[in-house]
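I need the structure of the sequence given here:
(chains A, B and C)
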Amino acid sequence: MPELAEVEYYRKQWLPAYGQAVTGIYLNASKRVFRGVDTNALQRDLAGQLFTGSEAHGKQMCFRFGPNIWLGVHLGMTGKMTILSSLESPRKHDHLVLRMGDERQLVFSDPRMFGRILYAYSKREPAWWALRPPSILSAEFTFERMHHFLDRRTKSPIKAVLLMQETFPGIGNWMADEILWRSRILPSKRCGAIGLRARRELYACTRQVCEDAMRVIGTDWGTPPNDWLFNHRWKDGGHCPQTGKSLKRAQVGGRTTCWSPAWQR
DNA sequence: CTATTTGTTTATCC
DNA sequence: AGGATAAACAAATA
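Numbering: from 1, shown residues only, chains lettered A, B, ... in the order given. Model prediction:
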């Protein structure tokens, strides 16, 4: 579920514990979300450390503890960040629980376990955090960067390309559909067949959808207005907010995709 | 029982 | 070499 704005929303769920110390750690090292992580080191290093900050970038989050701890969280398809009171016990899919002070617990849960935890103890940023691509709302995400990337993917449907995190960090299935609908471009259109004018529109809509999503969903998980595709895309017999005509659904680039045949071309 | 899922990684083919 | 595509991962839900 979580894309750019949902990830930012979940990051903020842990903020009430900002400045507090880790007084206990519960985790089950055999869970798939810890694949590749030295959980012994994580448990040893994290004990007693202060929660000093956090940041989200695309679908990746990084939580800082003390001066040297980098705790990465990716939510996969079904991950969530929540807070439990100190009296509550971890539930079935709560894979990492940090007891903070004596009043609350920070919880990472993920039933499907497509998400993952990353961990590093280091003065400097670990590679997985240092190497993140320019965020879409930053000045470094230029039209030229997107243009060049599309030129290297001429045979791919644009829908599949928008989901590539190395260039479009944070874009997921619903955002890609929203962007293409606003740009009036068919999701199945090959990148090589998209002209300069359409690419400029695509670039502007990509940034606009990110900005809108952060404002509407990233702050308090508000409901998007009905003039977005968002509220119509999963309903059978849904109608295009622009034309009022039927929406269509099919697999494009391996993902369920919704578009408005009368509006996009 | 079957089909579906808002994500990423890996394998395989081209 | 690098792009394109499909399968695998796991569990809930309809």
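
got the contact list for whatever residue of the stretch 151-265 of chain A ends up closest to DNA strand B?
Closest approach between the stretch 151-265 of chain A and DNA strand B, counting by Cβ to the nearest atom of the strand: A:Gly172, at 2.2 Å. Where C-beta positions appear, they are placed from N, C-alpha and C, glycine not excepted. Residues near A:Gly172 by Cβ atoms under 8 Å, 6 or more residues apart in numbering: A:2-4, A:59, A:163.

cool, and A:Ala17?
A:51, A:83, A:98, A:100-101, A:104, A:106.

can you check A:Glu166 too?
Residues counted as contacts of A:Glu166 (Cβ under 8 Å, 6+ apart) are A:Pro133.

let's verify it: helix, strand, or coil?
coil (DSSP: H, G, I helix; E, B strand; the rest coil).

quick check: it vs A:Trp70, distance?
From A:Glu166 across to A:Trp70, the span is 21 Å (Cβ to Cβ, to the nearest Å).

what about the residue lying closest to A:Gly72 once chain neighbours are set aside, distance to A:Lys80?
Closest residue to A:Gly72 in three dimensions, ignoring its sequence neighbours and counting by Cβ to Cβ, 6 or more residues apart in numbering: A:Leu118, at 3.0 Å. Note on A:Leu118: its distance to A:Lys80, by Cβ to Cβ, is 17 Å.

same check on A:Leu46?
Applying Cβ to Cβ, the value for A:Leu46 to A:Lys80 is 20 Å.

can you check A:Cys240 too?
Where A:Lys80 is concerned, A:Cys240 sits at a distance of 32 Å (Cβ to Cβ).

what do you get for A:Gln264?
Going from A:Gln264 to A:Lys80 by Cβ to Cβ gives 33 Å.

re earlier: what pLDDT does the residue of the stretch 151-265 of chain A closest to DNA strand B get?
At A:Gly172, the model reports a pLDDT of 94.

got the phi and psi for it?
Note on A:Gly172: backbone dihedrals following degrees, to the nearest 10 are phi -130, psi -170.

the nearest residue to A:Leu42 once chain neighbours are set aside bridge partners, please.
Nearest non-adjacent residue to A:Leu42, counting by Cβ to Cβ, 6+ apart: A:Tyr119, 4.8 Å away. Here A:Tyr119 sits in beta bridges with A:Leu71, as judged by DSSP bridges.

give me the pLDDT for A:Tyr119.
Residue-level confidence at A:Tyr119 comes out at 97, pLDDT.

distance of the closest residue to DNA strand C within chain A from A:Arg197?
Nearest residue of chain A to DNA strand C: A:Lys155, at 3.2 Å (Cβ to the nearest atom of the strand). Using Cβ to Cβ, A:Lys155 is found at 21 Å from A:Arg197.

surely A:Gly153 meets A:Val161?
Residue A:153: Arg, not Gly. Yes. Counting by Cβ atoms under 8 Å, A:Arg153 does reach A:Val161; the two are 5.0 Å apart.

what does chain A put close to DNA strand B?
A:1-3, A:6, A:58-59, A:74, A:76-77, A:114, A:163, A:165, A:172-174, A:234, A:254-256 (Cβ under 7 Å from any atom of the strand).

okay, and which of those residues map to strands?
Those of the residues of chain A next to DNA strand B mapping onto strands are A:74, A:255-256, per DSSP state E.

top of these by neighbour count?
Comparing those by number of neighbours (other Cβ atoms under 10 Å), A:His74 comes first, having 19 neighbours.

next up, the contacts around it.
A:59-61, A:115-116, A:118.

switch to 10 Å and redo it
By Cβ atoms under 10 Å, 6 or more residues apart in numbering, the contact list for A:His74 reads A:2, A:7, A:33, A:58-61, A:110, A:114-118, A:128.

please consider this matter closed, and thank you.
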